[in-house]
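1. sequence first, then the predicted structure:
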Amino acid sequence: MSYSGRKEEVAARNRENYCSRKAKDKSLRNNYGITLKQWENIFDNQGCKCAICGSTEPNHASGQFVVDHCHEFGQVRGILCGHCNIMLGHAKDDINTLFAAAMYLVNNSTPESIQERKAKLKELNKNLALY
């Protein structure tokens with residue numbers, strides 16, 4: 001019998017044999033050189049939230065958190081929500097662009113929030129000095 005006569009049978013068998021954990025592991029290995037177990041360890045060490053904004057929502061069309069990696073060297077940096085991953089992508093991973101964006105927000109905020117934002121930037125600068 002030809003495939004066209006067995007489409008439903010083949011589709012049902014494929015659905016039965018599909019394992020999303022296996023598929024995710026294969027995808028992570030192929031795209032980022034890490035296993036699903038390594039991904040889970042990274043995510044657990046981040047407190048099961050976005051490494052940048054701390055969101056517990058993936059904010060991504062796939063419904064999953066995404067792997068952030070350096071495009072130049074391929075190094076996995078962490079697990080992010082979709083919004084933060086897009087933010088880094090639009091800034092082309094440029095620290096100067098991201099810092100300028102932070103300064104823009106500080107300098108163009110309402111007077112009530114400026115002191116709070118400056119305190120956050122001061123803390124950020126302290127943390128950057130540790131690296």
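-> On my side now, so go ahead. Residues are numbered from 1 along each chain as shown.
2. quick one: the strands in this protein?
-> With DSSP state E applied, the chain shows strands at 66-69, 76-80, listed in chain order.
3. domains for the protein, by residue range?
-> When the chain is parsed into structural domains using automatic domain parsing, the resulting residue ranges are 3-92, 94-131.
4. pick the most deeply packed of those domains.
-> Among the domains of the chain, domain 3-92 has the highest mean neighbour count (mean count of other CB atoms under 10 Å), at a mean of 13. In this view, the C-beta of every residue, glycine as well, is placed from N, C-alpha and C.
5. just the mean pLDDT for that domain, thanks.
-> Confidence over domain 3-92 (mean pLDDT, whole number) is 91.
6. find me the pLDDT at the nearest residue to Arg117 once chain neighbours are set aside, would you?
-> Across the structure, with CB to CB, 6 or more residues apart in numbering as the measure, the residue nearest Arg117 apart from its sequence neighbours is Val106 (4.6 Å). What the model reports for Val106 is a pLDDT of 80.
7. quick check: Val106 vs Thr97, distance?
-> According to CB to CB, to the nearest Å, Val106 and Thr97 sit 15 Å apart.
8. equivalent analysis for Leu88, please.
-> Leu88 is 10 Å from Thr97, where distance means CB to CB.
9. quick test: name the residue nearest the centre of this protein.
-> Of all residues in the chain, the one closest to the mean position by CA atoms, centre = their mean is Leu80, 2.3 Å from it.
10. excluding its backbone neighbours, what's nearest that one?
-> On the basis of CB to CB, 6+ apart, the spatially nearest residue to Leu80 that is not a chain neighbour turns out to be Asp68, at 4.6 Å.
11. need the contact list for the nearest residue to Asp25 once chain neighbours are set aside.
-> Closest residue to Asp25 apart from its sequence neighbours, by CB to CB, 6+ apart: Leu36 at 3.9 Å. Contact criterion CB atoms under 8 Å, 6 or more residues apart in numbering gives Arg21, Lys24, Asp25, Leu28 as the residues in contact with Leu36.
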